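Visitor: here you go, sequence then predicted model.
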Amino acid sequence: MLGRRESLGLANLTELLPAVPLVALFSLAFLLPLVMLVFVSLFRTPQFIAMGADQYIRFLSDAFNLQVLLDTLVLGVEVATLTLVLAYPLGLVYLAVGAFARSLITFLILLPLLTSTVVRTFAWIVILGREGIVNSAMLSLGLWDQPVRLLYSWGGLVIALAQIQLPLMALPVINSLLRVNPNLLKAAEGLGAARPRIFLTVLLPLTLPGAIAGWLLVFAAAVTAFITQTLVGGGRIILMPLYIYQQAMGVQDWPFSAALSLIFTVAVVGIVILVGTLSRRFMRGVDAA
Amino acid sequence: MQRSFADLAYAVLAGVLAAITMLLLLAPTAVVLVISFTGGITLKFPPPSWSIRWYRELLLSAEIIQPAITSLKVATLATLGAAILGTGGALAIARSRHRLARILDALFMSPMVLPAMAFGLSLLMVFNLVGIRLSIATLVLGHVVVCVPFVIRMVGASLQQLDPQLANCSLSLGASRWYTFRRITLPLIQRGIFASCFVAFLSSFDNVPVSLFLADARTEVLPIKLWAILEGSLDVRVAAVSGLIVITTLVGLVLAERLGGLNRQIEQR
């Protein structure tokens, strides 16, 4: 798309004709509902009588609401950062090995990506449960003398989500590692730099755009992962998706649940845009230096 | 001497972390397959004994089979809808220099960026306020919208690799636009369409945020049903369903690799 001349002529408009059915669908089933969501959030009560910003004031004036939002965003940051730490070593090994091992790693990455979320979450229930793998192993090794509660804990949730979203990070990181010019690495080596230094001063800066893209994908996926949050986190950890669901389907408070979804959407999309813009500005600075 | 020590430490650290990562990637799938053959009545790991009792039990569970059939139906229809409408959209914006094309691209991709729960909830509100009863059709409508971005991206990527001269030749030799699409463009982007269908089908079959609001008692879908079961109790039948899904996905992955070169498609993203 970049670098093309733009035109606004009517002659070129006929090219866009094949998109008309899709535009119709998106207007009715995507844009209209989103407008409706804003409209519904502006009613003062679930009885839809008078309009006002009450729902937003209600959200901001209760510390509980703000805590739920903050917890959800912190979860996203923790999960995305953990996947980043896991994805780089995998990418470095991918660079170092031959074709067969590479396709094996690709298969390992695609496997969870294509397995249903519920299935992957279920696997983590088996791993973290009271009679699960971790507890069985630690008990039989004599490291723990009684089962530890791993399921329904924050740490368990972060690790499970990191594994579930790992492919979203591994693919862009490996892609950008593959694009680094191998001559740069040889040059650094020839000049006497040790491997850790080559990683920190050559590989990492050059692959940062891919890593940030992956970080944002994982962040957005982790904060909205309703199934994993509710099953691995349990009912005691209340995060935005569960909160929206409870308000909409349980309490049937439509104006408040509409406001909650909008606030959540703005927060998530806002962070994605902010991190994206900041990193691009930062990267330009690196280039200039 | 110091340099080689740093290199060694680096290689060991990267190797160990990569091994952990690979184990993490593989473990859950392996665990699901193993636990689905447990002879016990809990999710105790390792299983106390082996059997296929939970698969047999599953065959007798209409309350799980019915949602599975609904899910397959919805995913098939949503994939078809998204593939047809999405390919049209991708064709229109791939070649166009119009400023509108970029706006449309952003619009068609936005279901991927927006938290899908907000979209699911908003669609439910529209149906309710307009007075449309929830049905398979309303569920499929929601799924088509969330599947469209995959088609736009993957078919768009195929179109980008296509030599525009081929279509121009056909047109200048007097073929109609439709004939050119059918005989020139479509065969060349076929693989991209197949691959995007595979991904769209999986994402619809696995969709939670939209189904959560748009599926009711009559149109219960599999992921929501499994979630509801696991919320209440740790039912081992879920292990058998999961085992089946894993095996089917593996077979599908091999088939898709043969048919459409999915591997390449995904690495391109």
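Guide: Cool, the structure landed.
Visitor: pLDDT of stretch A:67-74, averaged?
Guide: On average, the pLDDT along stretch A:67-74 is 97.
Visitor: what residues does it touch?
Guide: With Cβ atoms under 8 Å, 6 or more residues apart in numbering or on different chains as the test, stretch A:67-74 has contacts from A:223, A:237, A:238, A:239, A:240, A:241, A:243, A:263, A:264, A:267, A:268, A:271. For glycine as for every other residue, the C-beta is placed from the backbone atoms N, C-alpha and C.
Visitor: so which of these are in helices?
Guide: A:223, A:240, A:241, A:243, A:263, A:264, A:267, A:268, A:271 (DSSP state H).
Visitor: tabulate the contacts of stretch A:67-74 in a markdown table, adding columns for pLDDT, distance to residue A:91 and neighbour count.
Guide: Listed next are the contacts of stretch A:67-74 as a markdown table, based on pLDDT from 0 to 100; distance: Cβ to Cβ, whole Å; neighbours: other Cβ atoms under 10 Å in any protein chain shown:
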| residue | pLDDT | distance to residue A:91 | neighbour count |
| --- | --- | --- | --- |
| A:223 | 95 | 24 | 27 |
| A:237 | 91 | 31 | 18 |
| A:238 | 94 | 35 | 18 |
| A:239 | 96 | 30 | 25 |
| A:240 | 96 | 31 | 28 |
| A:241 | 95 | 30 | 27 |
| A:243 | 96 | 36 | 20 |
| A:263 | 96 | 36 | 21 |
| A:264 | 96 | 32 | 24 |
| A:267 | 95 | 30 | 18 |
| A:268 | 94 | 26 | 23 |
| A:271 | 93 | 25 | 17 |
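Visitor: specify which member of these is nearest to residue A:93.
Guide: Nearest to residue A:93 among the contacts of stretch A:67-74 is residue A:223, at 29.3 Å by Cβ to Cβ.
Visitor: where in the stretch 1-150 of chain A is pLDDT low?
Guide: Counting by pLDDT under 70, the ranges of the stretch 1-150 of chain A that qualify are A:1-12.
Visitor: what's the first-to-last distance across stretch B:216-236?
Guide: With Cα to Cα, to the nearest Å as the measure, the ends of stretch B:216-236 fall 24 Å from one another.
Visitor: which ones are touching residue 249?
Guide: Assuming you mean chain A. residue B:213.
Visitor: nope, chain B please
Guide: For residue B:249, the contact set (Cβ under 8 Å, 6+ apart) comprises A:114, A:115, A:116, B:202.
Visitor: is it possible to get CSV of the contacts of stretch A:67-74 that adds distance to chain B?
Guide: Formatted as CSV, the contacts of stretch A:67-74 follow (distance: Cβ to the nearest Cβ, whole Å):
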residue, distance to chain B
A:223, 7
A:237, 14
A:238, 14
A:239, 11
A:240, 8
A:241, 6
A:243, 10
A:263, 10
A:264, 6
A:267, 9
A:268, 6
A:271, 12
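Visitor: count of residues packed around the residue of the stretch 101-250 of chain A found nearest chain B?
Guide: Closest to chain B within the stretch 101-250 of chain A is residue A:123: 3.3 Å, counting by Cβ to the nearest Cβ. By the criterion of other Cβ atoms under 10 Å in any protein chain shown, residue A:123 has 28 neighbours.
Visitor: what strand or helix carries it?
Guide: Using DSSP states H and E, residue A:123 maps to helix A:117-128.
Visitor: buried set for whichever helix or strand comes after that helix?
Guide: Using DSSP H and E, the helix or strand that follows helix A:117-128 in sequence is helix A:133-140. By 16 or more other Cβ atoms under 10 Å in any protein chain shown, the buried positions in helix A:133-140 come out as A:133, A:134, A:135, A:136, A:138.
Visitor: okay, helix A:133-140 in CSV with CA atoms only?
Guide: Only the C-alpha atoms of helix A:133-140 are listed here, as CSV (Å, rounded to 0.1, in the frame of the first residue of the first chain):
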residue,chain,number,x,y,z
ILE,A,133,1.3,-32.9,37.0
VAL,A,134,3.1,-30.1,39.0
ASN,A,135,1.7,-31.2,42.3
SER,A,136,2.3,-34.9,41.7
ALA,A,137,5.8,-34.3,40.6
MET,A,138,6.7,-32.0,43.6
LEU,A,139,5.0,-34.3,46.1
SER,A,140,6.7,-37.5,44.8
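Visitor: touching chain B at all, it?
Guide: Yes: interface with chain B: helix A:133-140 contributes A:133, A:136 (Cβ under 8 Å from any Cβ of the partner chain).
Visitor: before we move on, the earlier item: wait, doesn't the residue of the stretch 101-250 of chain A closest to chain B sit right on residue B:28?
Guide: Yes: contact criterion Cβ atoms under 8 Å: residue A:123 and residue B:28 qualify, at 3.3 Å.
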